[in-house]
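Asker: Take a look and give me a structure for this.
(one chain, ligands or ions: 1)
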Amino acid sequence: EKTAKFRDDFLWGSASAAYQVEGAWDKDGKGESVWDVYTRIPGTTFKETDGKVAVDHYHRYKEDVALMAEMGLKAYRFSIAWTRIYPDGKTELNEAGLQFYEQLIDELIAHNITPVVTLYHWDLPQHLQDLYGGWESREIIEDFNRYCVTLFKRFGDKVKHWVSLNEQNIFMTLGYVTAMHPPAVKSHKRMLQANHIANVANATVIESFKQYVPDGMIGPSFAYGPVYPYSCDPQDILSAENAEDLNNYWWLDVYCKGEYPTFAFKYYERLGIAPVIEEGDLELLARAKPDFIGINYYQTGTVASNPIDGVGPSEVMNNTGKKGTAKENGLPGVFKNVKNPNLETTNWDWAIDPTGLRVGLRRLTSRYNLPILITENGLGEFDQLEENDVVNDSHRIDYLSAHVLACKEAVTDGVDLLGYCTWSFTDLLSWLNGYQKRYGFVYVDREENDEKELRRIKKNSFYWYQNVIESNGEDL
Ligand code: GCO
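Answerer: Got it, this is the predicted structure:
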């Protein structure tokens with residue numbers, strides 16, 4: 001056959017994160033996370049939105065799982081809120097928090113939906129931030145490992161698919177370089193050090209996992225934006241190499257090969273900001289390999305050369321649509337992000353590029369030769385609820401269908417693709433962009449500061465994906 005088919009056990013899924021859907025921010029013993037606290041600071045989020053109620057998935061999970069079952073979803077990726085399990089991040093275990101996730105997992109399994117559990121989707125216990133600066137202290141390695149081992153022991157017999165850190169590149173860059181996420185620091189040096197500690201924590205947890213859930217699979221979810229050179233000018237090509245190393249391989253090489261990419265490390269060394277690596281770290285990183293690479297794919301990046309240090313329209317690509325100059329972001333001279341004239345963009349200015357997904361899947365396969373799980377892909381839109389409860393999200397259908405087709409082509413090319421999770425199942429809270437930016441198959445009737453009744457309404461894309469799943473990706 002000319003075109004390969006998706007594997008029979010392909011995980012047709014959809015994803016969410018605790019803070020973005022659950023609400024119930026202080027229920028049943030939950031502690032405060034850095035996001036509960038950060039969103040109280042005026043001006044940090046669109047129209048001061050927060051996740052206090054979100055889409056109330058905490059109370060409506062049965063209704064949501066019933067919709068997933070109706071759709072025929074094979075996998076649901078969700079995250080566990082550390083603060084429900086250990087309210088202060090380290091000492092007392094909160095049984096009520098474990099029970100919530102136990103019920104959710106059981107509900108999914110009862111409906112033949114494979115749970116894919118993310119251990120960390122950005123909602124760090126505030127207490128650990130206050131106590132020792134969160135990811136900036138090596139103390140977090142032990143606390144994070146304790147929390148994860150608790151989950152492996154409790155759920156490891158039922159849950160076989162785990163995601164360790166979600167988008168470490170994003171929460172580090174936005175948390176410590178652009179200061180748009182908590183703890184809103186602007187220091188590239190501190191980012192690189194905290195990031196190294198997160199790498200060690202990630203590897204520690206992967207090692208624990210092999211011990212407690214030897215028949216399971218674990219991997220990180222990385223926000224992957226493959227990079228293109230703007231032109232065939234060798235200077236642009238060199239800039240694209242720089243950007244790949246600094247934006248992608250800086251994380252992926254550590255996860256998959258246990259080492260930092262050579263150029264990027266030298267570059268940071270020359271700037272005097274390379275991370276301090278302790279004895280034993282590199283051995284651990286080399287030992288603790290993930291079973292798969294999880295990628296969250298939204299867009300590619302295009303870069304041109306930037307001969308003048310820190311001057312000009314250089315931007316660090318991030319996952320939010322906001323931008324900063326190269327100088328502000330501390331990466332002078334190595335590349336500048338430019339608009340790709342061949343690609344259309346979303347309403348939040350993200351380049352729409354299904355071919356880039358195929359390119360990226362092939363690059364990762366050639367470089368690391370690991371199975372890949374697409375842990376997120378989707379389109380944020382201003383969806384409109386029309387008369388008779390119709391939401392005609394044809395843009396989303398077009399977007400997703402082109403990306404699933406790119407996956408199929410990548411499988412034909414030889415990529416070992418385990419599954420494809422869209423972002424997201426229901427509409428949910430965008431960290432910085434509020435409730436207006438909708439991603440779901442299921443519309444949730446609420447606005448920024450108006451919870452309404454949080455009614456669930458199936459969008460047209462719901463029926464489209466139902467059909468895709470039913471045909472195992474043949475009918476797009
Ligand atoms: C947003 C973002 C998020 C991320 C997700 C990353 O608008 O807030 O799109 O929803 O995609 O949380 O893992």
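
Asker: OK, contacts around the nearest residue to I295 once chain neighbours are set aside?
Answerer: In space, and not counting its chain neighbours, I295 is closest to Y224: 4.3 Å by CB to CB, 6 or more residues apart in numbering. For the C-beta atoms, the positions are set from N, CA and C on the backbone; glycine is no exception. Residues near Y224 by CB atoms under 8 Å, 6 or more residues apart in numbering: N248, L252, I295, N296, Y297, G360, L364.

Asker: how close does the fifth one sit to Y268?
Answerer: Between Y297 and Y268 the distance is 26 Å, computed by CB to CB, to the nearest Å.

Asker: Just the pLDDT for the residue nearest to I295.
Answerer: Y224 is assigned a pLDDT of 97 by the prediction.

Asker: ok so, going back, would you list the contacts of Y224 in TSV and tack on secondary structure, neighbour count and pLDDT?
Answerer: Shown next, in TSV, are these (DSSP: H, G, I helix; E, B strand; the rest coil; neighbours: other CB atoms under 10 Å; pLDDT from 0 to 100):
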residue	secondary structure	neighbour count	pLDDT
N248	helix	24	97
L252	helix	22	98
I295	strand	25	98
N296	strand	22	98
Y297	coil	26	98
G360	helix	23	98
L364	helix	22	98
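
Asker: closest to C148 among the residues you listed?
Answerer: C148 lies nearest to N296 out of the contacts of Y224, by CB to CB, at 20.3 Å.

Asker: isn't the closest one right next to G378, touching?
Answerer: No: using CB atoms under 8 Å, N296 is not in contact with G378, being 9.3 Å away.

Asker: Give me the common contacts of those two.
Answerer: With CB under 8 Å, 6+ apart, N296 and G378 have common neighbours W423.

Asker: SS state for E244?
Answerer: Recorded secondary structure, E244: helix (DSSP: H, G, I helix; E, B strand; the rest coil).

Asker: Relative to N306, how far out is the nearest residue to it once chain neighbours are set aside?
Answerer: The shortest distance from E244 to any non-neighbouring residue, by CB to CB, 6+ apart, is to V227 (5.0 Å). Remark: distance between V227 and N306 (CB to CB) = 14 Å.

Asker: what's the answer for R138, then?
Answerer: The spacing between R138 and N306, counted by CB to CB, is 35 Å.

Asker: if I look at L285, how far off is T375?
Answerer: Counting by CB to CB, the gap from L285 to T375 is 21 Å.

Asker: So those two - more neighbours on which side?
Answerer: The neighbour count for L285 versus T375, taken as other CB atoms under 10 Å, is higher for T375 (30 against 24).

Asker: Let me know whether T39 touches A54 as I believe.
Answerer: No: between T39 and A54 there is no contact under CB under 8 Å: 11.3 Å.

Asker: Could you check which of those two is surrounded by more residues?
Answerer: Between T39 and A54, counting by other CB under 10 Å, A54 is the more crowded of the two (27 against 22).

Asker: Could you check the pLDDT of the residue in the stretch 1-150 of the chain that the ligand sits nearest to?
Answerer: Of all residues in the stretch 1-150 of the chain, A17 sits closest to the ligand, at 5.0 Å by CB to the nearest ligand atom. pLDDT recorded at A17 is 98.

Asker: Contact residues of the stretch 101-250 of the chain facing the ligand?
Answerer: Neighbours of the ligand within the stretch 101-250 of the chain, by CB under 6 Å from any ligand atom: N166, E167.

Asker: so where do the helices sit in the stretch 101-250 of the chain?
Answerer: Remark: helices assigned in the stretch 101-250 of the chain by DSSP state H, counting those that start in this stretch are 126-132, 139-155, 168-176, 188-212, 234-243, 250-257.
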